[in-house]
Structure formats: structure tokens, C-alpha cells
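Peer 1: Build the 3D model from these lines:
(4 chains, ligands or ions: 4)
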Amino acid sequence: MNASDNAPLLVVEGVTKRFPGVTALDKVSLSVSKGEVLALIGENGAGKSTLMKILAGVQRPDEGAIRVDGRDVSLDSVQSAQASGIALIHQELNLSGNLSVAANMFLGREPLRFGLIDTHKIQQEAALLLERVGLDVSPETIVDALSIGQQQLVEIARALSVDARVLIMDEPTSSLSQHETERLMEVVKDLRSRGVSIIYISHRLGEVKELADRVTVFRDGKNAGDLQRDEINHDRMVRLMVGRDISQFYARTPHQPGDIALEVQGLRSSSHPACELNFRVRAHEIVGIAGLVGAGRTELLEVLFGVEEAASGTVSIGGREVALRSPLDAIQAGVALVPENRKQQGIILEMSVRTNIGLAGLRQHRKKAGFLNQGQEARDVATMIERLRIKTPDEHQVTQYLSGGNQQKVVLGKWLAIEPKVLLLDEPTRGIDVGAKQEIYRLMDELAKKGVAILFVSSEMEEILGMSDRTLVMHEGRITGELLRDQLSEEAVMQLATGRLEAVAS
Amino acid sequence: MKKNLGILGILLVVFVATAIGNSNFLTAYNMFNLLERASLYGIIGIGVAFVIITGGIDLSIGSLIGLVATLLPFLVLDLSLPLAVGLIAIFALSLCVGLTHGVLITRLKLQPFVVTLCGLMIYRGIARWVVSDKTMGYGNEVFSGLKVLVGNMSQLPGMSGVSWAKHVPVAFLILLVLGVISSVFLNKTIYGRYLLALGRNEQAARFSGINTSLMIVLAYVICSLISGFGGLLFALDYGSIQPDSFGNFYELYAIAAAVLGGCSLRGGEGSIVGIILGAALMRLLMNSISMLGIDDQLEPAVIGIVILLGVIVDELVKRFAARRRAIKQAREVGA
Amino acid sequence: MKKNLGILGILLVVFVATAIGNSNFLTAYNMFNLLERASLYGIIGIGVAFVIITGGIDLSIGSLIGLVATLLPFLVLDLSLPLAVGLIAIFALSLCVGLTHGVLITRLKLQPFVVTLCGLMIYRGIARWVVSDKTMGYGNEVFSGLKVLVGNMSQLPGMSGVSWAKHVPVAFLILLVLGVISSVFLNKTIYGRYLLALGRNEQAARFSGINTSLMIVLAYVICSLISGFGGLLFALDYGSIQPDSFGNFYELYAIAAAVLGGCSLRGGEGSIVGIILGAALMRLLMNSISMLGIDDQLEPAVIGIVILLGVIVDELVKRFAARRRAIKQAREVGA
Amino acid sequence: SGNRTEESSQPKVAYITNGIASFWNYAERGAKDAAEEFDVNVNVQMPGTNAVEDQKRMCQDLLAQGIDGMAISPVDPDNQGDLLAEIAQRTRLITHDSDAPESDRLCYIGMNNYTAGRMCGQLVKEAMPEGGSVMIFVGRLGQANSRLRRQGMIDELMDREPDENRYDEPSAGEIKGEKYTILDTRTDGFDFGKAKAQAQDAVAKYDDLGCMVGLFVYNPPFILDAVREADKLGKIKIVAFDEDEKSLQGIKDKEIYGTVVQNPYKYGYESVRVLAGLARGDNSVIPENKILYIPARQIRNDNVDEFRAELDRLSSEASADTDNPPDAKNDASTEKSVTES
Ligand SMILES: Nc1ncnc2c1ncn2[C@@H]1O[C@H](COP(=O)(O)OP(=O)(O)OP(=O)(O)O)[C@@H](O)[C@H]1O
Ligand SMILES: Nc1ncnc2c1ncn2[C@@H]1O[C@H](COP(=O)(O)OP(=O)(O)OP(=O)(O)O)[C@@H](O)[C@H]1O
Ligand SMILES: [Mg+2]
Ligand SMILES: [Mg+2]
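Peer 2: Numbers count the residues shown, from 1 in each chain, chains lettered A, B, ... in the order given. Ligands and ions are numbered 1, 2, ... in the order given. The predicted model follows:
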């Protein structure tokens, strides 16, 4: 044991939490000292967020004790958690889109002047905090106008504005790129030096390695072990999390590029109408798109999928020019999109695994007069559950109750069932644990082998480096460069992504 | 199914209580009337269910019923058009109404509540204006053929000898046929699946390649067509149409039946059986209030209270079931 | 603000057109009447806005108005209670109604549409039952003091000499005061901020430590209290109450005013000025229809069409603005 | 009401109105008084906004319970033939307030709304002998009684031959006669706010408005308010219908010229009396021509006190619940048939 002169600030002991159908937490324990960064890791559905929600007073435990400063506390409301000095950045975005950035940051804690909200003060303080996290927008901007990554930064800035003793960050970087992530690391280290305790949850083990003073691992709602600072390394963490070694993380086999599957010429999107995009993706090829938050990557994929209409330009699939006015057009042309915002665009949370996986294929397999082909649906779904190793009690389970990784696999399964020619993936491993990540990489590889052209957006540098045959880098709506496999390096990507270097190559 | 048990229970309790309270309740005459009313309201309840399933709402049903019921005699008697033309006209009108609602809601992204609230006013105004508030009647010979629709089943071809046919309204048959078709449509065709999916999460449905706009328009068209047809049945049954009030509040009855029957106004949920039970319960209640000699003035209050109790019980049952499931599981895990 | 320009525009166009069409439109007498009506409906529009901002709805307003208006004379005249007791009773009742709605919606998670639809029926039934459908009147001496509320401002203490006071209804003053208070409440206090926040994303608000249930209950209580107060004003103004119909459809007028004024039924948006303009536009339209001699029967249609046009124009303007912004931005970037 | 021990032998009769209005509250009182006097059980029911539907449902439910007689004021006698036939087939049917001569009703009690309308027209003529313009206000035109009332009034002012089937569409614009012009007919659908607004708007709109006529019980008080507020009392004549207290006070104060009153109390009373007789096998209660004529009356300033006294007597007796029924039979003239100049 390392000699830590600090008594633990926050102690969780024997906490159990049951949901209908699952025991999310089974007598878990954890502690964090003053000025310590504790990383909490575990597979999807291990119960990390559940415990954090309990600490934030959002949910109540069924059993167990929570102590702050050695005293038992009952965290039965957000206010009581705040009173105990605990603040949480939720895994899912929790902003009121109709309010301004500043209003969101101080929601529930508005400073008053003569009994009315002190708007001026709010704006001022918000501006400072936004600068600290590196978000370059006005505090008066309405949140709806921000991209997901930008919203995540707002969430972080908000948590900083709380004078918390324990700051919990539940996957704060899942939508952030390297650039913003680095900035966040600095912020966290700064907080630590000021004596704030931090519980940091992430599936990006590189970040964990860099930040954590100690690591606590959950598996299936139970404690699976702790790692002290000097014991922290990638393999150990993985072993504790999944209970086995994962070797050869990026399962990539070299592919011979085939015919042009996707060709984009003179494409202008409506929010970046000044930037013209030209590129092509061949069959068997995996092309990554890197860039900073808000670079317009999501928007590009949405144009290619017919969600947003292009302002001008042409898109050809398999050599044929297609008009993409709706996702249906894109699907009929052989394009599929695994969207960034899983819960809003990817799956229907209240419906079963089977309905979700079957949804895209219904049209193809329909019988006469539009009757469902239930036999075909059942076969497809069974195949996908097996092939993608989706962890679910049965096909009728409501997707809401699956872990994030398994939900992501459901979205993938939906598209694999209709065998697309071009697969668009937007942050395919966002919020997904290492095990599932590996499986998704394996799948991408397998699909490429079969001739699918894959275009994927990722904010995770390792993923870009590990998976892409070729990388496009975007900055403020334009493609600033193309990096072939042998040109690919963290350095090169970062330079293009921050616009420091406009590539001369066309 | 389980969801419908609650309302079925209430229905049975009220039924038995009324039967005990008044021996005349179970007479063939009363049962026929009750069945007829439940069927008519059940039909428009099914119509609005399609819209509710998409997460929308249609407040214009009552006014559309008023308009259709007013126009048919106007076209056929005042303008002397052939009956067939009149019928085609009112169905075409219903279709256009649904189409307009759907297009405004999907293309212009207007809120269903607002669009159909305006519809409520507009169709009522048109109905009143076209005939200058004059009462319209279905007493004319021309309509006698159509009246079979609101008669008893013995008037149907080949049924005159069947003994029970006299005691069953044709409207009930219509309800059954419509119910079966709707059930099959919702649960066995891809379009039904699409409606349920987009009712839950339109964006995800669109991202799955569903032409959600088209499906929503379809739902409004179905709703308006069924409402128009329902309007025809109501008009034939009551015979006299006052353009300024005929059909007033029917949309609320239809929506209440759908909600009682387990449709969520948030969309994505709906059971045809439930809706029929919901409509039946409301009509039964009104009949029971008469039969048991409860103050007439209290009628709306009684109905309101029963609907409220219905949804409260429904909610509590759901919670109880969830808790029991959790406890059971905890025990299994513990064991 | 920009949002209200559209409706302000329509308002002005209708106003000017009517003034040109009939020279009597601008008489002090007509202006007074118009102002009075717009104020009364504006008041209940503000009430329902609180609920709409939370993403809810209140369909029971009209029935509550009917109940309150019926009960006051019943308590004061039939039961001979003092006026003060009667007033306290109706406000206590309004408060309880709002509380009940709020609790059912937050604790039992029932849908606002359903809860208040049941309220619509229940309060109507109670109003009818309590007085057995008897017409109630406010002609009695007892109420003459209260009638100042629906008179002109010269009747207010210290205003008798002021020349313009005769031409301004007290109700308008009430509307202004209520409007200012509501505006400040919504935009400058934390409670207003909380309502707006939870209207769009309840979970986010809850996670921010806001007691969203309490806030929602508060919104329903405010709505019911304002409705009850509005009911009193309506009753005093009309003087005669028919328990079965008094206030029918007023909730729709209130909701329509709120929607016209830029409230989104999806919650989180609302402008008090807009609501007042919305209510004024509807009353102006009705007055114009009378003044211009347009067919009475067409009135609902005209109102429906104007509301629909209002929201369509609103939507198109929004889109146009968005597109222009995009183009402008593109030019800046391109330059 | 009624004696418990006799419950089983006590005939059960029903009295159905065509809507909910204070007018019908008087009728209800008459029906209940008669029920007590003639020892029957009466069930009074008033349909709501969807009057046709409600009437059908109420009648059917009553028929299902088994009753010995029913008095109904059909909303739309021309088109409710099926329902009336159904009732006539299952029990003793009489009509009141609004007749359905084509049906198998045993008797009609009341008067004719068309005739009442003409009487109202006469009042307008008296109020405005040199002629002038007239506005009509009415709750709804959809029901037969209001349509007939309005038509009778118009026909009287236009000096036309009686024809109950005539309908001057309100949207057809002004109706011009030799001396009188009907400017417009405004409806309010029982929305009191609208009723008041319609009256105010009319006062504001026309500079030379001669007379305002309110055909539903609540219309005249709103008209009176509007005219008073605009300081046009005396300039604009007012003619009322029915006996709202404010209308009567207005007549007394010479602010309203006059009103036409029916006798709803007697509608109720007589209906139940006849049904009670029929239920006990006494067919003599039905006059030869099957019409029990209860005349409408014109009330002007000269007889308003007398009429109010009569009303007061009714209500005080009703509230005191005395055994003495009001002097009802005297006015019910069974000998005359319904032709009125
Ligand atoms: N409200 C709920 N109802 C039912 N089950 C739930 C609920 N919330 C979480 N669960 C279940 O509890 C388990 C733990 O979930 P939790 O969100 O804590 O996992 P996690 O460790 O945060 O996973 P991830 O890395 O995917 O975020 C999962 O099986 C999840 O499906
Ligand atoms: N609804 C919207 N309204 C206005 N601007 C928007 C909207 N959505 C996105 N944007 C803007 O468009 C730009 C591109 O956003 P996009 O989501 O495509 O970026 P991204 O590269 O995918 O970044 P992220 O990783 O944050 O999703 C951003 O600058 C963002 O502010
Ligand atoms: Mg989590
Ligand atoms: Mg993105």
C-alpha cells in the first residue's frame, strides 16, 4: 500500500442497486481521497454510471452506505449531493436546448440580484469557464445550435462552475477529439492540484493511464479489483475488465482496394456552403475522417445519407450518380449510416432488439401487400445476435435495458442485415468498452474484406491510426488533407485538424 | 393484452352492477342500443388511434363528422346530385382533409394539435355556412338504402331468417371488420410496424429508411377517412343534423376511448381491442347512469372520473408489476 | 420579439382593413368593447401559457371557469354565505384543482392531456349537478362591488376625474399588471428559468438539482388560479351563467392565443406579449367579422384559417431567416 | 317525490326537453308539480349540445326501463321520425313545445313557435310603427323552434302569408320589406361571451339601427346592456322573447318594448297531467283535435306587473311546496285550434 496521508474523502461501501431485470450493482465499494484522480473502468453495463448517479443523488441505492468525511450521508436528491460537494458530468448530455449556454451552465444555481437572475454575472463567469475548456462560442449562444462535442464541452464547463470537492466525470471525452481531450487533461490536473477529488470514467484507456492515481475496476456490477498508480497499464486494465487478455487490438488485415464505391464531387453542405468537398472511397477500403469537434464530419455523413440535402455537388454510388433526398434514397442506393447520436437516431429505445434489428430490412423482405415476413426477420435477427455477440437475454429484450456497447451492436446489426455497399460510421465506438470495440473493429475488417466500402468518423486518434487505410482530415468544414497509411501519424493528423497546415496534396 | 385486462375488469363490474340494479338492463332492446352506440364510437376511436400511434392527435374529428353529415344531404337533396356522387364527394373530402393535415404536419412541421385545432374550427364554419345553419335530414327515401348500415343484421342479404341477426346491429359487424383489418394492418404489415416505430422515435425511424412523412400522412388520411365514414353512420343513425353542433366533442370521446384502451398520447403504443373496450365502457357508463337513475347532470363527471380511475389503476398496476418483477428476480439472484 | 412581429403584422392589417371597411369600428364604444374582450381572453391565455411552457396542456380551463362562475352565486345567493367566503372558496377550489392536476401529472406520471380532459368532464358535471342546470345570475346587489373589475377605469378610486379613464376597461389594467408580473416571473426569476428549462428537457433540469415536480405543480396551480380568476371576470361581465355551457371551448381559445403568440406545445417557449397579441387578434377577428357583415356562420372558419396562416407564416419566416443566415455566413466565409 | 308504498303501481312517465335552458327549468317545475298532484313518477331529462343524439339516447334508455308515457319536444321533428315511431311503438307519446304532426303522437301540448314569432313581429311593429331596420339575435338556428320563431317574425314584418316551411337564409343578406328591413341574424351557439359581443358589435356597427330582437331567453339582457352602455336607450328599440327577469325589469323600466312569453310551466304541468291520465286509461284528457293549446302571450309595460306577480306566485309556491297547484287549468284552452292572425 502506498502511504497516503489523506483519509478517504468519499467512501462507498456495499452498494447494491437493482433494476427490473438486472442487478446493476452488487455490493460494490470504492473510495477516493482528497486531491486524487480515481479512474473507474469496466465493460459496458458494469454499473459505473449507475453508481455515479447514486452519488449525484439522481438515483437511490437499494442497500449500502456512502460516507463523506467519514460521516454517513443520505444522497436522496441532487441538492443533497451538491451540499455534500459532489458534482457529476453525466454520460449523456443533459442540457436544455432552448436556453443559452450561460443559462445552462448556471441552471439551478443562478446568482441573484434583487431577487432576480443576475444575467450579467452569469454571462461573465460563463465566458471565463468556456475559455478554460477551450470552447470558442459566445455564452449567449442557444445550445441547440451547438454540435454534440461542443455541448459536451458546455457540460464540462458547467461542472467546473460548481465548487465541487468531488467531481465525477462520466465519459467526458466520448465526443471529443484529441485536441479538446488534451485541454481537458490539463483542466483535470489543475483541479487535482487544487485538492479537488475526481472520479474519472472512460473507455479510452490511454487517458486513464495518463491521469489516474488509482484505478478501480467493475465487472458485472461487482468490484473486480484495484490498480495503484504504478500498476496501471493497458493489459492489466483490460484483464481486470474483461477477465481475459485482448491481444491484437486493431484487427486489420491489408485489403486490395476495388472499384470506386463512393464518389463525392463538388459537394457543399448547407452549413458550410463555402467549402467544396471532393473524395472517393473504393470497395474493400476503410477510410477514416479525423478532425476537431465541430469540424463538420457528422454533417458530411448526414449529407451522404440523405438526412440533410446538399447545397450543390454530386454523389455517385457504385459509379451511378444518385440523388439523396432522404435516408431511404441512400439505403436504396446501398448506403448505411451508424449515427453518432445512438439513442436519438440509431435505435428505438422502447422497442425490442428484434424490432430494431429488423427495421431496416422490413421493406426488402416484405411479402405481398406489405405483410411482414416474420420468418425472415427472425432468422436475420438470430444471425445478427450470434454474429455480433450481442449480449441480451433474448431477442424480445427492450433495447433500453442493454448496455451502450450492445446497443451499438444492435445498430450495426440493423445495417448488416441489409448488406450495404457503403457503410458510414459516425464515432462507431463512442462510449463502448474495449471488448466491444475490438469486436467492432473485427467486424469492420471483415466487412471490408467482403467488399464493403467503409467511411468512418472518429475523434479517437488511436482508432484513426489503427483502423484506416486512408485518412481524410477536416477542419472547419473543409478537407484539409488526405493521409495514406504510410503518411499517417498523430502529428500529421493534428496539424491538419487544427488548420495549421493546409496540405498541398489534392 | 394484460393492459386491456384492467379496463375489461371495470367494464364487467359496471355491467354486472347495472344488470343487478335494473332488470331491464339486459333486455334485447337495451343491449341492441348499447351495442350500436359502442360500435359507432368504437369506429371513430379506431380512426384516431392511427394518428395517436404516430404521436399526433386529431382534434378535428367532430367537426369533420359534422361537415360530412351536413354535406351529404346538401349535395343529394339541395343540389339534386345522385347519391353515389354525394358519397364519393364526402369520402374524397375526408381524404383531402387527412392529406392536408398530414402535409401541413410533415412538410411545414406544424404541430398536430394546432393544425387539427384549426381544422376543428374551419370545418365547422364551412358546414354551417354551406347550408346557412339549416337543419339537414336523412328522412328522404334516397337514403333508405344506406340506412341498412345502422339497422340490424337481419336486413342484410341472406340473413333474414337467422334468429340472432335481429338483435345485432350492422354497425357492430362493421366495427368487427374494421377492428380486424386495423389489427392486422398494425401488427402484421410493415406499414403498421413503421407507424409504431416512428411513433416512438421518428428520427431513428427516418434513419432506418422509413419514409416517415409519408407514413404520417397515411395515418392522418386513414383517420379522416374513418371519421368521415363514422360521420355518415352517425348521421344515418340520428337522422337529423344540426350543422352547428353535430359531432361536437366527438374527438374527445374518440381520444378518450383510445387512451382508456391503452394508447399513449406520446405515440408508439396502441391496441385495437383496447380502444373498442374503451369506447364500450364509455357508452356503457352513460347507459348505466340512465338505468340506475343517477342524476343526469352528473354524467360528464362520472365519465371523467372513470377514465381517470382507469388510467390511474393502469399506472399503478404497471408499477406494481415492475416492483414484483424486481423482487422476484432479487430472490432468484439471492437463491 | 421577432416572432411577435408576424402576428403584430396580421393584427395591424386586420385592424386597418376593418377600420376602412366600417367607419364605426374606431368609435370609443367599439374600442372599449374590443379591449375588454381581448383582456379577458388574454388573461386566461397567460394562465395556460405557464402550463404550455412546461410542455403540458390544460383542457379543463373552460369547465373550471364554468364551475367557478356557477359556484359563486350558488354559495352567496343560494347558501347565503358572505361574499368574502364565496370568493375564498372559489379561489381555494381553483388552487385545489391545479394542485390535483399537478400531483397526478408528476407523482403518477399521468399525461396532462388525459388528466385535464377528465377535468374538463368532471368540473362540468359538478357545476351542472350542484345547481341542477339552473341558470345563475350576477344581477344581485351583492356583486355590484365586484363589478368594478369589469367596468371602466373611471370607477377606480381617484380616477373619476381622469378623462381617458372612461374609455379604458379595468380588465385591461388587470391584463397589463398580470402580463408584467408574468413576464418578469418567466424571464427574470429562477422559477421562470426553471419552467423554461424543464419544459424542454425535464431530466436535465432535474439533474441540475431543480425540483421539477414542484415546478410543474406550481405551473398547474398558477394556470388554475388565473383561470378561476378569469372565470370570475367573465361571469361578472356576462352576468348570467348557464352551468352546462358557460366557458365551453374557452380552453381552446386560450391555447390558440398562446400558440398564435409563439408558445410551442412541445414546451420551453413562450412570450407573454405574444399571447396577449394572440388573444387580441382573435377577438379583433370576431369583431371585424361583425363589423364587416361577414356571414356569422363563417366565423369559426375565418378564425381557424387566420390561426393556421399565422403559424404557417411564422414557420416560413423562421425558415427563410435560417436560410438567409446560412447564405450570409457562407458569403462571409467565402470572402 | 311520491309515496313509497305505491311505488309499484305509480305510473312512470318521462318529460324530455330539447335543450338545457332556464326556460325548461320552469317546465320541469310544472312537470314535478303535476307529478305530485296526479301521483305519477316523472323523469325530466334535458339533452345537451348534441341535442339530437342525446334525445335519442335518453329516449331509448327510458324506453328500455319501461315507462308509461313520454312527452318530448323534438329538436327536429321533420327528421326524427324514426325515433318518434320507436317511442310511439313502445309507449304513449305526446309532444310538447314543438309538434310532430306526422308522427303517431297522441296529442300536442303547447303552441306554435312560428305563431309566437309572428307575435314577436307584432311587437316590433308596435315598437317601431314608422318602420326601420331590425337585427335578430338567436342562440342557434339549427333547432326547429328557433328557426320557426325567427321565420314567423320575419314573415310578420314582411306581411307575408303564414308558411312554416319558408326559410330566409341568414347568409342571404338583408331582407327588405315595405317598411321594415332585417339587417342580419347573428348566432352565438350559447356562448354568452359571444352573445354579448354580437349585441355590442351590432350597436357599434349601425348608426341607424331601429330595433334589436333577442329570440333566446339570454339574448335580450345582453342587448339591453349593450344599448345602455352605448347610451342609445330609446333610440334603439328592444323586443325580447321569453321571461328572463332582466327582460321583464327592462319592460317595466320602458327600456324594452315587450316580450313574447310562452308558458313553460304549463307545458310541463299539462304534459304530465295528460300522461298521467293516459297511463290510467283515461283518454278523455286528450282533446278532439289532439292539440292542447297553450297560448303565448305578449307582455308589454301595461301587463308586466301582473305577469311578474304570476311568476312570483309560481316560484313561491314551488319553494313552499304547498299542496295547491297553481291555477293551471284555467288558461289551458282546449277549444281553440292554432290559427292566429
Ligand atoms: N433505469 C434503468 N432501468 C433498468 N436497467 C438499467 C437502468 N439503468 C441502467 N440499467 C442497467 O444497469 C446496468 C448497469 O448500467 P450502467 O449504465 O451503470 O453501466 P455502465 O457501466 O455505465 O456502462 P457504459 O460503459 O455502457 O456506460 C446495465 O445492465 C443497464 O442496462
Ligand atoms: N443544428 C445546428 N444548428 C446550427 N449549427 C449547427 C447545428 N448542428 C451543427 N452545427 C454546426 O455545424 C458544425 C459542424 O458540426 P458537426 O456536428 O458536423 O461537427 P463534427 O465534426 O461531427 O463534430 P462533433 O464531433 O462535435 O459532432 C459545427 O460548427 C456546429 O456548430
Ligand atoms: Mg455509463
Ligand atoms: Mg460528430
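Peer 1: wait, what's in contact with the residue in the stretch 1-150 of chain B positioned nearest to chain D?
Peer 2: Distances between the stretch 1-150 of chain B and chain D by CB to the nearest CB are smallest at residue B:137, namely 3.1 Å. Where C-beta positions appear, they are placed from N, C-alpha and C, glycine not excepted. By CB atoms under 8 Å, 6 or more residues apart in numbering or on different chains, the residues touching residue B:137 are B:73, B:239, B:240, B:241, D:76, D:78, D:79.
Peer 1: Look up how far residue A:433 lies from the nearest residue to residue D:81 once chain neighbours are set aside.
Peer 2: Excluding the flanking residues, the one nearest residue D:81 by CB to CB, 6 or more residues apart in numbering or on different chains is residue B:139, at 5.7 Å. For residue B:139, the distance to residue A:433 (CB to CB, to the nearest Å) stands at 74 Å.
Peer 1: Looking at these two, which one has more neighbours?
Peer 2: Counted by other CB atoms under 10 Å in any protein chain shown, residue B:139 and residue A:433 do not tie: residue A:433 has more neighbours, with 23 against 19.
Peer 1: my read is residue A:10 is in a strand, agree?
Peer 2: Yes. With DSSP: H, G, I helix; E, B strand; the rest coil as the criterion, residue A:10 is part of a strand.
Peer 1: returning to what we had before: check contacts around the residue nearest to the residue of the stretch 1-150 of chain B closest to chain D when sequence neighbours are not counted.
Peer 2: Take residue B:137 and drop its neighbours on the chain: the residue closest to it by CB to CB, 6+ apart is residue D:79, 3.1 Å away. Residues touching residue D:79, when contacts are defined by CB under 8 Å, 6+ apart, comprise B:135, B:136, B:137, B:138, B:139, B:239, B:240, B:241.
Peer 1: Show the average pLDDT along the longest helix seen in chain B.
Peer 2: Secondary structure of chain B read by DSSP state H shows that its longest helix is helix B:299-334. On average, the pLDDT along helix B:299-334 is 81.
Peer 1: Most neighbours out of the contacts of residue D:79, which is it?
Peer 2: Tallying neighbours with other CB under 10 Å puts residue B:241 at the head of these, with 32 neighbours.
Peer 1: For residue A:47, see how far away the residue nearest to residue B:137 is.
Peer 2: As it turns out, when the distance is counted by CB to CB, residue D:79 lies 70 Å from residue A:47.
Peer 1: for residue B:30, same thing?
Peer 2: Using CB to CB, one obtains 60 Å as the distance from residue B:30 to residue A:47.
Peer 1: Now do the strands in chain B.
Peer 2: B:136-137, B:240-241 (DSSP state E).
Peer 1: closest to ligand 1 out of those strands?
Peer 2: For ligand 1, the closest of the strands of chain B is strand B:240-241, at 52.3 Å, according to CB to the nearest ligand atom.
Peer 1: Looks to me like residue D:42 is in a helix.
Peer 2: No. Applying three-state DSSP, one finds residue D:42 to be strand, outside a helix.
Peer 1: neighbours of it, just the number please.
Peer 2: One way to gauge burial is a neighbour count; for residue D:42, by other CB under 10 Å, it gives 27.
Peer 1: do the same with residue A:154
Peer 2: For residue A:154, the neighbour count with other CB under 10 Å is 25.
Peer 1: Find the nearest non-adjacent residue to it, please.
Peer 2: The shortest distance from residue A:154 to any residue that is not its chain neighbour, by CB to CB, 6+ apart, is 5.5 Å, and that residue is residue A:101.
Peer 1: Right, and ligand 4 sits closest to which residue of the stretch 201-350 of chain A?
Peer 2: residue A:298 (3.2 Å; CB to the ion).
Peer 1: Can you give me the separation between that residue and residue A:337?
Peer 2: Counting by CB to CB - residue A:298 and residue A:337 are separated by 10 Å.
Peer 1: Comparing those two, which shows the higher neighbour count?
Peer 2: For residue A:298 versus residue A:337, the count of surrounding residues by other CB under 10 Å is larger for residue A:337: 28 against 24.
Peer 1: Determine the three-state secondary structure at that one.
Peer 2: strand.
Peer 1: One more: residue A:254?
Peer 2: coil.
Peer 1: burial measure for it, as a count.
Peer 2: Taking other CB under 10 Å as the neighbour definition, residue A:254 ends up with a count of 7.
Peer 1: Please apply the same query to residue B:148.
Peer 2: 14.
Peer 1: is it fair to say residue A:479 lies in a strand?
Peer 2: Yes. Secondary structure of residue A:479 (three-state DSSP): part of a strand.
Peer 1: Looking at the strands of chain B, which is nearest to residue A:294?
Peer 2: Nearest of these to residue A:294, taken as CB to CB: strand B:240-241 at 60.3 Å.
Peer 1: Sheet-wise, list the partners of that closest one with their directions.
Peer 2: With DSSP bridges as the test, strand B:240-241 is paired with strand B:136-137 (antiparallel).
Peer 1: tell me, what's touching residue A:298 and residue A:337 both at once?
Peer 2: Joint contacts of residue A:298 and residue A:337 (CB under 8 Å, 6+ apart) are residue A:426.
Peer 1: so where is the stretch 301-450 of chain A shaky, pLDDT-wise?
Peer 2: With pLDDT under 70 as the threshold, the stretch 301-450 of chain A has no low-confidence stretch at all.
Peer 1: residues from it in reach of chain B?
Peer 2: Of all the residues in the stretch 301-450 of chain A, those in contact range of chain B (CB under 8 Å from any CB of the partner chain) are A:305, A:307, A:326-328, A:330-332, A:337, A:339, A:344-351, A:355, A:359-360, A:362-363, A:366, A:369-372, A:414.
Peer 1: What subset of those residues is buried?
Peer 2: Among these, those that count as buried by neighbour count (16 or more other CB atoms under 10 Å in any protein chain shown) are A:305, A:307, A:326-328, A:330-331, A:337, A:339, A:345-351, A:355, A:359-360, A:362-363, A:366, A:370, A:372, A:414.
Peer 1: Quick check: which of the residues you listed are also close to chain D?
Peer 2: Applying CB under 8 Å from any CB to those, one finds that nothing falls near chain D.
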